[in-house]
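> got a structure for you, letters missing:
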């Protein structure tokens, strides 16, 4: 559905993505893990066309921009706008309408209030709801679980599984490995600009161990007095 | 609090430099603008009063931004916070009030003193209540934000129009209509995140056309009560009213094109200088529309 071939991205002299090659197929869930600054968000922005890049990203017709829903790690909201108006804007942008009015209330959000009065988790749910109502073919979720309560995390996991069963492609980044284990078919470990590991479900335990070992850092000791 | 003030200055300086304006040049422009206000006050106290209230309202809105206020509240003890609010509002109000005093516009002086207090309470009230209904809610987003930010001024303008019609001051009535349309340009003050533009399944040309059509329709809808009132009161001046609307809509079109010509950043010094030079020379105005249109289409290539 989406194929990356030698994808490269640099900011000045800093190389962020260094020759990524992989294939994302429909009906699958892909997890991207990596330390802060590894390039997960940059990869997503390249996938949706918000960043220029070198190399190639080939998308199937049903994975073109008009069929991608992207929820960034920190969704942007306009000032003085209610949740309902935000959703109307997203739907209008894609010429979509909602068949069932009840769909608006899946997350039980106060849609007639200003978004500025929402909590972090509510904002995340609103952004997620916007892309879901658009009925996309591809979903890219950057840290979608951040700020969500336990019940909402379960709901999002359920939604991801249902999207997969409908043959949609989901790519998500998260620091919560247990949630990725539960939802993903494949987890890619992004480090130093390339995929250091690419594991299927049966190898998740080994991947987790590898990452834990990789990210261990003795500098934390500097924060605490000895003896 | 000293460091906070220095930080504010540093932040302002950086914003100006980002827009391509040196701090010294900004000071010169500020002095020129201030002198211009005195000149305008001498020529027409009514117009000057409206300008002064407009400038103050824009600045006060920024000062009362919810996030900004929350941040300051948790940063400073409550006494320092109150003192800071007082300093900032005085800094904004005093120079403007001096101009109003100079032109003996006592109503404007009163307005300038009361407005920050009223706005402070209104901003707090907004946070705790549900959203304000607008006639634009089904078609987001520019005029929804405009309406909720400026409703207070729109109410005042309509009240003034009522007075102008009652006393038969048609010049004031026409000025108020023009002010109302000019205020609509504020709708394009918010530069949306690139993801919101990216979301559209439209070509760059179609997107721009969509924005312009909606802008014109919403501006007319917002001005409709005033327009009808003027047409009923002064049917013999239909040409003047039409001229005001056409000029206003052309300015609206220009502000949409200017906003998107530098998207996703805010229009900078270059765009502002171009606009000023085109308006001064007049013959360059058509070219300005063409230039901003081409630039906007170019800027959208990445997203649409």
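Arrived safely, thanks for sending. Nothing here was measured: the structure is a model prediction, and the numbers come from that model.

> show me the strands in chain A, by range?
Ranges of strands in chain A, per DSSP state E, are A:2-11, A:14-24, A:29-33, A:54-59, A:68-71, A:138-142, A:169-173, A:186-191, A:194-200.

> got a list of contacts for the fifth one?
The set of residues external to strand A:68-71 that reach it, using Cβ atoms under 8 Å, 6 or more residues apart in numbering or on different chains, is A:44, A:47-48, A:124, A:127-128, A:130-132, A:134, A:136-142, A:144, B:195, B:198. Any C-beta I mention is one placed from the backbone N, CA and C, and that applies to glycine too.

> make a PyMOL selection of the buried ones in the residues you listed.
Selection of the buried residues among the contacts of strand A:68-71 in PyMOL, burial being defined by 16 or more other Cβ atoms under 10 Å in any protein chain shown:
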select buried, (chain A and resi 44+47+48+124+127+128+130+131+132+134+136+137+138+139+140+141+142+144) or (chain B and resi 195+198)
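
> can I get the strands of chain A in TSV with mean pLDDT and distance to residue B:131?
As requested, these are exported to TSV (pLDDT from 0 to 100; distance: least, Cβ to Cβ, whole Å):
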stretch	mean pLDDT	distance to residue B:131
strand A:2-11	93	38
strand A:14-24	92	39
strand A:29-33	95	36
strand A:54-59	92	38
strand A:68-71	94	23
strand A:138-142	95	28
strand A:169-173	95	31
strand A:186-191	92	40
strand A:194-200	84	45
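
> so for residue B:180, which of the ones you listed sits nearest?
strand A:68-71 (38.3 Å; Cβ to Cβ).

> so which of the contacts of strand A:68-71 are in helices?
A:44, A:47, A:48, A:124, A:127, A:128, A:130, A:131, A:132, B:195, B:198 (DSSP state H).

> if we can go back for a sec, among the strands of chain A, which comes closest to residue B:121?
Nearest to residue B:121, of these and by Cβ to Cβ, is strand A:68-71 at 36.5 Å.

> who does that closest one pair up with?
Sheet partners assigned to strand A:68-71 using DSSP bridges are listed as strand A:138-142 (parallel).

> what's the angle from the strand it pairs with to strand A:54-59?
The directions of strand A:138-142 and strand A:54-59 differ by 130 degrees, with axes from the mean of the first three to the mean of the last three Cα atoms, to 10 degrees as the criterion.

> residues in contact with strand A:138-142: which ones?
Counting by Cβ under 8 Å, 6+ apart, residues outside strand A:138-142 touching it are A:1-2, A:40-41, A:44, A:47-48, A:63, A:67-73, A:128, A:131, A:160, A:163, A:168-173.

> let's go with 6 Å and repeat that
The contact list for strand A:138-142 (Cβ atoms under 6 Å, 6 or more residues apart in numbering or on different chains) reads A:41, A:44, A:63, A:68-73, A:169-173.

> looking at these, spot the one nearest residue B:170.
residue A:72 (52.5 Å).

> and that closest one, how many neighbours?
Number of residues near residue A:72 (other Cβ atoms under 10 Å in any protein chain shown) recorded here: 19.

> do residue A:58 as well
Using other Cβ under 10 Å, residue A:58 has 11 neighbouring residues.

> surely it is in contact with residue A:3?
Yes - counting by Cβ atoms under 6 Å, residue A:58 touches residue A:3, with 4.6 Å between them.

> about what we covered before: of the ones in helices among the contacts of strand A:68-71, closest to residue A:212?
Closest approach between the ones in helices among the contacts of strand A:68-71 and residue A:212, by Cβ to Cβ: residue A:44, at 24.2 Å.

> low-confidence ranges, the chain, go.
I went with chain A, as the question did not name one. With pLDDT under 70 as the threshold, chain A has low-confidence stretches at A:215, A:217-218, A:227.

> my bad, the chain I had in mind was chain B
B:122-130, B:269.

> which bits of it sit near chain A?
B:130, B:131, B:137, B:140, B:141, B:145, B:148, B:193, B:199, B:200, B:201 (Cβ under 6 Å from any Cβ of the partner chain).

> what are the bridge partners for residue A:31, then?
residue A:172, residue A:187.

> have a look at the chain and report its longest helix.
I'll assume chain A. Using DSSP H, we find that the single longest helix of chain A is helix A:150-165.

> if you could check chain B rather than the one you did, that'd help
Longest helix in chain B, counting by DSSP H: helix B:204-233.

> counting contacts, what elements does that helix pack onto?
Contact analysis of helix B:204-233 by 3 or more Cβ pairs under 6 Å, 6 or more residues apart in numbering or on different chains; DSSP states H and E lists helix B:142-167, helix B:170-184, helix B:238-261, helix B:285-300 as its packing neighbours.
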